Every structure is written in structure tokens, then in C-alpha cells.
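J.: okay, sequence plus prediction incoming.
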Amino acid sequence: MDDKLKVFEDKMEKAISVLRSDYATIRAGRANPHVLDQLTVDYYGVPSGIQQVANVSVPEPRMLLIQPWEKSLIKSIEKAILTSDLGLNPSNDGSVIRLIFPEMTEERRKQLAKDVKKKGDNAKVAIRNIRRDANDTIKKQQKAGEMSEDDQKQLEEKIQKMTDKFIDKVDKEIDIKTKEILTV
């Protein structure tokens, strides 16, 4: 019986991990190499993540140092950063790129907090959609005579409890990231 729910629980867990990786790309005033995760550069005709073509380090709390493995990549990495929505100005000295993270304004922090809430709400919608799919599957099985009505009701209750648990996890993730952003 619980084997049927495992698939849906795995999908809900995936929604949480997607949310966490989305949150990792939101900068909170400190240098974090994960802000570059969404950026790609052309590496011999293949779109590659910056972390795959360069060494990214954090020498100071508000600075990222990007050292490409090939000097020819400096211009394309710099261009990828400039055209992104990170709002950072890269400076390069010909062999490395430095990204200085400026102190965030109050207005920018509030905007990021809204983005965090929006991404969290999207994760909640995804979890609720998984719940709906699970309930639909159970109803079909019950109609096909594969389970009794009592079993159907029990499974629906378990699915609801599982959904509530994952919605709570999303709320906790939202709170943690919002506090991180709003902390000066």
C-alpha cells in the first residue's frame, strides 16, 4: 500500500530540492559561488556552466575569484555575468575575473525576499499538483476495483498528511532564506 505513495513522496522531495537549488542562486550580500550556477558559456560549441570551465573561489566574504582554465574564456565568462540578472560588474586583469558583491540596499533586500516567497509559493503549487495526481491515481484504481473505498480513504488521508509535511518544509525554507537576506 505504501509503495504506491513512495513515488509521490519522491516527487514532493524533488520539489523541495529544486527550491533549495533555486535559493542557492539568490545572492544574500555575501559571495556565494552558487550564484553562477545558472550561467553558461560556450566551450568549444558546448554550453557549459562556469564551474565546469573555471576554478571559482571565495578569497574574501564579498568577493568571488573566477580563474578560467583557458584564458580565451575570460571574455565569454565576463559577458555571461554582464548579461545575467545578477547585477554584478566583473573586473578582469587578463587572467582572473573578480566579482565584488556590493552591500545590498534595503529595497533590494525586500525585492529578494519577495522573490524567495514567490519561488516558495511555486514549490507549494508543485506539491499540491503532485497531491492531485496521487488522488486521481487512487480514484482510478478504486473505480477499476483494485482497492476498496476504505483503502482509498486511508490513502487519501496519508497523501494529505504527506502534503502538509512538505508544505511545512517549504515554509521553513522560505523563512530561513528570508532571514538570511534581510540580515544586514
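T.: Here it is on my side, so go on.
J.: quick one, what contacts Gln160?
T.: Counting by Cβ atoms under 8 Å, 6 or more residues apart in numbering, Gln160 touches Arg131. Placement of C-beta: from N, CA and C, glycine included.
J.: what about it, which helix or strand?
T.: Here Gln160 sits within helix 149-182, counting by DSSP states H and E.
J.: measure the closest residue to Pro102 other than its chain neighbours to Leu99 for me?
T.: Closest residue to Pro102 apart from its sequence neighbours, by Cβ to Cβ, 6 or more residues apart in numbering: Arg62 at 7.8 Å. With distances taken as Cβ to Cβ, to the nearest Å, Arg62 is found 9 Å from Leu99.
J.: what about the two, which has more around it?
T.: With neighbours defined as other Cβ atoms under 10 Å, Arg62 and Leu99 compare such that Leu99 has more, 23 against 13.
J.: buried residues in the helix holding Gln160?
T.: 152, 155-156, 158-159, 162-163, 166-167, 169-170, 173-174, 177-178, 180-182 (16 or more other Cβ atoms under 10 Å).
J.: distance check, the residue nearest to Ile26 when sequence neighbours are not counted against Thr178.
T.: Beyond its immediate neighbours in the sequence, the residue positioned closest to Ile26 (Cβ to Cβ, 6+ apart) is Leu112, lying 6.0 Å away. Separation of Leu112 from Thr178 (Cβ to Cβ) stands at 9 Å.
J.: tell me, what's touching those two both at once?
T.: In terms of Cβ under 8 Å, 6+ apart, Leu112 and Thr178 are not both contacted by any residue.
J.: hey, what's the angle from the lengthiest helix in the chain to helix 149-182? Just curious.
T.: Identified as the longest helix of the chain according to DSSP state H is helix 106-143. Computed by axes from the mean of the first three to the mean of the last three Cα atoms, to 10 degrees, the angle separating helix 106-143 from helix 149-182 equals 170 degrees.
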